[in-house]
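Q: could you look at this predicted model? Sequence included:
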Amino acid sequence: MDQDNNSEDESVGPSEDPSEEELPCLPPGLSDGEAMELLWQLRAQRRQASPELPETVTRLTAADGSLLYLVGTAHFSDSSKKDVATTIRAVQPDVVVVELCQYRVSMLKMDESTLLKEAKDINLDKVQQAIKQNGLMSGLMQILLLKVSAHITEQLGMAPGGEFREAFKEAGQVPFCKFHLGDRPIPVTFKRAIAALSLWQKARLAWGLCFLSDPISKEDVEKCKQKDLLEQTMSEMIGEFPALHQTIVAERDIYLTHTLRQATRCVEAPPNAQKVPAVVVGVVGMGHVPGIERNWEKQLNISEIMSVAPPSRFGWALRTVIKGVVMGMLGYACYRAGGSLGRVMLSSPSVQSFLDTLRPPPA
């Protein structure tokens, strides 16, 4: 993946499956410049000047005249997939930006049946991978949220992220269209979310996620595309976990706005590389649309929402207790194995490195 303009949005190549491409066959004997100009003209002909788009689409304009068509979606919705396809086909964008980060990009190229199986199957390997990637507390919280996703998947028989896969497929059928990942890296989001919660709030949230069992229908999912219902749900969430809403929703609204604005810039048109306003399609959850609209013309500070606070003294003390228990077991094993063998084990680089982690962090 390529970094663009030193921002965190990332480019993903189009599908390699030729059966999914609908680009026209070009006449033989054309130079590269002539072929590019012909494809550019073809896209301009396909692009609708005043497209009739779904009501879930919000149009925003950048300072240079570039246009953003922001598609608000529900993540388990067939109609959201249709909204995305309709919008991309109508406006023939220069860039498509989706609410994914590099840690979740694999869902773009997996088939629906594999994703359905993966979403339902939460095993020990996934737990270990989550903890390794995000740390103990953040990793366990990610597993709990995966459990929520698995619950919805099981209820609906539908894998998440269908609208992003639809956007990826449709972008590959538009000449010159780039595909960007626009979301904040998920480890940063989880670590900041966990750090913002008190111990009691973490326990309450974990309890609620563990015992989630309410039935969910496709009609319930479609209601998530209604802005008034989303605003009501967000208000309830703010009342119970305001810090969680800040890190998982509000901060990502800022980040998504930043990456969408980075993408919504003038592009160079062949044959003379003249700068022309860009057309961009953004695909995000409906809950992020109001925040992106509010932040669209504001000055944004991305660095402050990318920092992760160092572990607290309490967190260090908890890890020290756990490691102390492990060290006690290791010491007992050394005692049982014999003094000379125990000294060899304790002097090994791996054990010495482990002992170094027991030192307290600087105040």
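A: Perfect, thanks for sending it. Numbering: from 1, shown residues only.
Q: any regions of the stretch 51-200 of the chain where pLDDT drops low?
A: 112, 115-116, 118-124, 126-128, 131, 133-158 (pLDDT under 70).
Q: what segments of it are helices?
A: For the stretch 51-200 of the chain, the helices defined by DSSP state H, counting those that start in this stretch cover 78-91, 112-120, 124-134, 136-156, 162-171, 186-196, 199-210.
Q: packing partners for the first one?
A: Read that as helix 78-91. strand 67-73, helix 162-171, strand 279-285 (3 or more C-beta pairs under 8 Å, 6 or more residues apart in numbering; DSSP states H and E). In this view, the C-beta of every residue, glycine as well, is placed from N, C-alpha and C.
Q: buried deepest among these, which one?
A: Highest mean neighbour count among those (mean count of other C-beta atoms under 10 Å): strand 279-285, with a mean of 26.
Q: which residues touch the very next helix or strand once past that strand?
A: Counting by DSSP states H and E, the next helix or strand C-terminal to strand 279-285 is helix 289-295. Helix 289-295 has contacts (C-beta atoms under 8 Å, 6 or more residues apart in numbering) with 58, 60, 70, 72, 227, 230-231, 249-250, 253-254, 256-257, 260, 282, 284.
Q: quick one: L260 and L68 touch, right?
A: Yes - using C-beta atoms under 8 Å, L260 is in contact with L68, at 6.0 Å.
Q: what residues are shared contacts of those two?
A: In contact with both L260 and L68: 280, 282, using C-beta under 8 Å, 6+ apart.
Q: tell me the phi and psi of S77?
A: phi -130, psi 130 (degrees, to the nearest 10).
Q: L26 touches M36, doesn't it?
A: No - contact criterion C-beta under 8 Å: L26 and M36 do not qualify, at 10.0 Å.
Q: between these two, which one's more packed in?
A: Using other C-beta atoms under 10 Å as the criterion, L26 and M36 rank with M36 on top: 16 against 12.
Q: helix, strand, or coil at the more buried one?
A: helix (DSSP: H, G, I helix; E, B strand; the rest coil).
Q: contacts only, for it.
A: 270-271.
Q: CA-only coordinates of stretch 264-282 in PDB, if you can.
A: Taking Å, rounded to 0.1, in the frame of the first residue of the first chain, the C-alpha atoms of stretch 264-282 are listed here in PDB:
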ATOM      1  CA  THR A 264     -10.700  15.700  -2.100                       C
ATOM      2  CA  ARG A 265      -8.100  17.700  -4.000                       C
ATOM      3  CA  CYS A 266      -7.600  18.700  -7.600                       C
ATOM      4  CA  VAL A 267      -6.300  16.100 -10.000                       C
ATOM      5  CA  GLU A 268      -4.300  16.300 -13.200                       C
ATOM      6  CA  ALA A 269      -6.200  15.800 -16.400                       C
ATOM      7  CA  PRO A 270      -4.500  14.500 -19.600                       C
ATOM      8  CA  PRO A 271      -3.000  15.400 -21.900                       C
ATOM      9  CA  ASN A 272      -1.400  18.500 -20.400                       C
ATOM     10  CA  ALA A 273      -1.800  17.700 -16.700                       C
ATOM     11  CA  GLN A 274      -4.200  20.600 -16.100                       C
ATOM     12  CA  LYS A 275      -5.500  20.800 -12.500                       C
ATOM     13  CA  VAL A 276      -9.300  20.100 -12.300                       C
ATOM     14  CA  PRO A 277     -11.600  19.600  -9.300                       C
ATOM     15  CA  ALA A 278     -11.700  16.000  -8.100                       C
ATOM     16  CA  VAL A 279     -14.800  13.900  -7.500                       C
ATOM     17  CA  VAL A 280     -14.600  11.600  -4.500                       C
ATOM     18  CA  VAL A 281     -16.900   9.000  -3.000                       C
ATOM     19  CA  GLY A 282     -16.600   8.300   0.800                       C
END
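Q: could you list the low-pLDDT ranges of the stretch 201-350 of the chain?
A: 205-206, 208-240, 309-350.
Q: give me that answer again for 80
A: Applying pLDDT under 80 to the stretch 201-350 of the chain flags the ranges 201-242, 244, 309-350.
Q: quick one: V279 and A62 touch, right?
A: No - in this structure, V279 is not within contact of A62 by C-beta under 8 Å, at 10.7 Å.
Q: how near is I88 to H75?
A: I88 sits 18 Å away from H75, going by C-beta to C-beta, to the nearest Å.
Q: the more surrounded of the two?
A: Taking other C-beta under 10 Å, I88 and H75 do not tie; I88 has more neighbours (23 against 20).
Q: for the residue nearest to that one when sequence neighbours are not counted, which residues are in contact?
A: Nearest non-adjacent residue to I88, counting by C-beta to C-beta, 6 or more residues apart in numbering: E170, 4.1 Å away. Applying C-beta under 8 Å, 6+ apart to E170 gives the contacts 84-85, 88-89, 96.
Q: do Q48 as well
A: 90-91.
Q: I'd assumed it was in a helix, is it?
A: No - Q48 is assigned coil when assessed by three-state DSSP, not a helix.
Q: return the distance of it relative to P93.
A: Distance from Q48 to P93, by C-beta to C-beta: 12 Å.
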